[in-house]
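[1] My questions are about this predicted structure, shown below with the sequence.
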Amino acid sequence: MCLTCSCGQPNVDHGDTRNITFDRLAAAGQAGGVTIWEAANSLAHTVESVHRDPLEVFTESLNRPLVVCDIDGILAYFVQAACMAVNIAFGSDYTPDMWTTYRGPLTAEQHSWLGQQMKNPTFWATIAPDQEAAMMLRLLARDGYGLIIATDRPTEMRLATQRWLELWRIPYDGLLVGPGSKERLAREHGPDNPMILIDDNPAKCLTIPRPGVEVWTIRRPYTSGTQFNSWTELVKALRCFDVQTARV
């Protein structure tokens, strides 16, 4: 289709330049530094926002929970990076599907070596992002959700983490770096100011949840708690969550 009607011809404007074609949408995405999927999502989101009742939009914004998002294993492919680094250093042949527990299949020596690499900013700089996760956070930011990025990385990795987030255009209103930062933030929230932490560490399901505070995750072999099969499924559930839900 020309993206306006349902003709099935994506690049035919039918002699009328007002019709949107596939190539024009792709070019618009390139101009904005986003994929065609993000451009299409933004287009649909903007149309919906323009035609909505401003009072309804404002009321929804009051009911939204704070979204706190982990990085490694959620926004970044940490397991893949760890497997590659260890394989190169030790001549092993680990693959991500072997990572069936949170700590993975590494030996004590390999864990110790990896821990040393995690003190090097270069290690964090080279981890690939989950592009679907990044896109979904951009959509949540455009919807007006408060977004905090929180990680248990060493505190001295804050600058490297900031640069990584900026490189991959991941939006956030605040950045917390260091062990215990998620727990401290959770203690400030409750039924009247709910918070949802998106984290793959199963231990967080034991230390974080309380009335008004939940832990969600994308399903992994080692995750527990409230799990979703995809970011699309998680965001759909998030939009159904409000202050009244938190008070139940």
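    That came through fine.

[2] model confidence over stretch 223-238, on average?
    Stretch 223-238 shows a mean pLDDT of 92 in the predicted model.

[3] Please disregard the earlier target; I meant stretch 132-142.
    In this model, stretch 132-142 has a mean pLDDT of 93.

[4] May I see the buried residues of it?
    133, 134, 135, 136, 137, 138, 139, 140, 141 (16 or more other Cβ atoms under 10 Å). Placement of C-beta: from N, CA and C, glycine included.

[5] check contacts around the residue nearest to residue 100 when sequence neighbours are not counted.
    Among residues not flanking residue 100 along the chain, residue 221 sits closest, at 4.4 Å (Cβ to Cβ, 6 or more residues apart in numbering). If a contact means Cβ atoms under 8 Å, 6 or more residues apart in numbering, then residue 221 has 97, 99, 100, 101 as its contacts.

[6] gap between residue 221 and residue 140?
    According to Cβ to Cβ, to the nearest Å, residue 221 stands 26 Å off from residue 140.

[7] now do residue 90
    Counting by Cβ to Cβ, the gap from residue 90 to residue 140 is 39 Å.

[8] Can you check the distance spanned by stretch 10-27, start to finish?
    The first and last residues of stretch 10-27 sit 14 Å apart, counting by Cα to Cα, to the nearest Å.

[9] Which positions within that stretch qualify as buried?
    For stretch 10-27, the neighbour count (16+ other Cβ under 10 Å) marks 13, 19, 20, 21, 22, 24, 25, 26 as buried.

[10] cool, and stretch 212-226?
    Judged by neighbour count using 16+ other Cβ under 10 Å, the buried positions of stretch 212-226 are 212, 213, 214, 215, 216, 217, 218, 220, 222, 223, 224, 225.

[11] and it, how far from the chain's centre?
    13 Å (Cα atoms, centre = their mean, to the nearest Å).

[12] Same check on stretch 180-190?
    Distance, stretch centre to chain centre, for stretch 180-190: 19 Å (Cα atoms, centre = their mean).

[13] Stretch 175-182 too?
    Counting by Cα atoms, centre = their mean, stretch 175-182 comes out at 16 Å from the chain centroid.

[14] what does it rub up against?
    With Cβ under 8 Å, 6+ apart, stretch 175-182 has contacts from 68, 70, 148-155, 157-158, 161-162, 165, 185, 197, 199, 204, 208.

[15] Mean confidence (pLDDT) on it, please.
    Here stretch 175-182 scores 96 as its mean pLDDT.

[16] List the buried residues of that stretch.
    176, 177, 178, 181, 182.

[17] Stretch 85-97 too?
    85, 86, 94, 96.

[18] The closest residue in space to residue 177 that isn't next to it in sequence - how many residues pack around it?
    Excluding its sequence neighbours, the residue lying closest to residue 177 (Cβ to Cβ, 6+ apart) is residue 158, at 4.3 Å. Using other Cβ atoms under 10 Å, residue 158 is surrounded by 16 other residues.

[19] Now do the host helix or strand of residue 158: which elements does it pack against?
    Using DSSP states H and E, residue 158 falls within helix 158-167. Packing partners of helix 158-167 (3 or more Cβ pairs under 8 Å, 6 or more residues apart in numbering; DSSP states H and E): helix 121-125, strand 147-151, strand 174-177.

[20] Dump those into TSV; add distance to residue 239 as well.
    As requested, the helices and strands packed on helix 158-167 are exported to TSV (distance: least, Cβ to Cβ, whole Å):
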stretch	distance to residue 239
helix 121-125	31
strand 147-151	14
strand 174-177	22
